[in-house]
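>>> got a structure for you, letters missing:
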């Protein structure tokens, strides 16, 4: 190309724009009505439906080359789901500890998805942060917990145990002059962890995720049911010579409903300077009745 000359290239490009269901108000309204109708019909069938469907979901696992639109996709998903879902909200379900779908819970869950808030701090959503403060405040009042205690809402069992044990891990590190949140576990000795046979799988998983070791918890039991051996716990803590440890107590075993003796375990933790982590998944609700409140005393 000679100096000073110019070349112009012209191209044509056509871009097709997909319909936005949030802008297409008619489609959005139709989708909302579809979900409402299907949800109402499904919940109304729980009393008579089997807890577990006999077949497997009939879903095509291949990635579609063409979209079918929001309404058809929702319709197909609902059809398969209604036929094959485990009826965990129904009266015939006796498996895991699963919360039922009450009208208030369903409405709140739907509202959560509708508002689509970023709930990680006050700046991102003052509404979500305030609702968390109010909800956890009510729970502390219901359970008789100190108002000054910190509280957060987590996504479920494993993360709840993870957060609680992470606090214990941080405390353990500080006892050895190490901020594990900033510097990691380098320079921190292995963390002694003691529990009864009621130790939940989610707590075991959390120990692994935190680098404390899934297989490192010492299970101290006095019988085949898994009840805590308090004499053994006292001896184990005493053998540390005042060094820090983590004790995990279970308020409500998911299989038997049994409770670890929280008062006695709390007293031992205080005497030996240990961190007490209480897994109160569903058993903490015993605090609401004078007939069962003694189970979570301590």
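Cool, the structure landed. Computed from a predicted model, the values in this text were never measured in an experiment.
>>> Let me see the domain layout of the chain.
25-57+64-115, 154-296 (automatic domain parsing).
>>> Off-centre distance for the longest one?
Same thing as domain 154-296. Computed by C-alpha atoms, centre = their mean, to the nearest Å, the chain-centroid distance of domain 154-296 equals 18 Å.
>>> for that domain, what is the average pLDDT?
Regarding domain 154-296, the rounded mean pLDDT is 96.
>>> Can you show me the helices along the chain?
25-44, 70-84, 103-115, 126-143, 157-175, 180-183, 201-209, 230-238, 262-272 (DSSP state H).
>>> among these, which is nearest residue 248?
Comparing the helices of the chain by their distance to residue 248 (C-beta to C-beta), the top pick is helix 201-209, with 5.9 Å. Every residue, glycine included, has its C-beta placed from N, CA and C.
>>> got the contact list for that closest one?
Outside helix 201-209, the residues within contact range by C-beta atoms under 8 Å, 6 or more residues apart in numbering are 157-158, 160-162, 165, 193, 195, 213-214, 216-217, 248, 277, 279.
>>> out of these, who's nearest residue 82?
residue 157 (26.7 Å).
>>> got the domains of the chain as CSV, with mean neighbour count columns?
Formatted as CSV, the domains of the chain follow (neighbours: other C-beta atoms under 10 Å):
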stretch, mean neighbour count
domain 25-57+64-115, 12
domain 154-296, 17
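>>> Could you dump the ones you listed into TSV and include distance to residue 127?
Conversion of the domains of the chain to TSV gives the following (distance: least, C-beta to C-beta, whole Å):
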stretch	distance to residue 127
domain 25-57+64-115	7
domain 154-296	19
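>>> and residue 144, which of those domains is closest to it?
domain 154-296 (5.6 Å).
>>> for residue 240, what are its contacts?
192, 272.
>>> Kindly recompute the last result at 10 Å.
Residue 240 is in contact with 192, 194, 272, 273, 274, counting by C-beta atoms under 10 Å, 6 or more residues apart in numbering.
>>> and stretch 44-57, how far apart are its ends?
21 Å (C-alpha to C-alpha, to the nearest Å).
>>> For residue 298, give me its contacts.
The neighbourhood of residue 298, defined by C-beta under 10 Å, 6+ apart, consists of 249, 251, 260, 261, 262, 263, 264, 265, 266, 267, 276, 278.
>>> ugh, typo on my part, it should be residue 66
Residue 66 makes contact with no residue under the criterion C-beta under 10 Å, 6+ apart.
>>> what do you get for residue 297?
Contacts for residue 297 (C-beta under 10 Å, 6+ apart) come out as 144, 261, 262, 263, 266, 286, 287.
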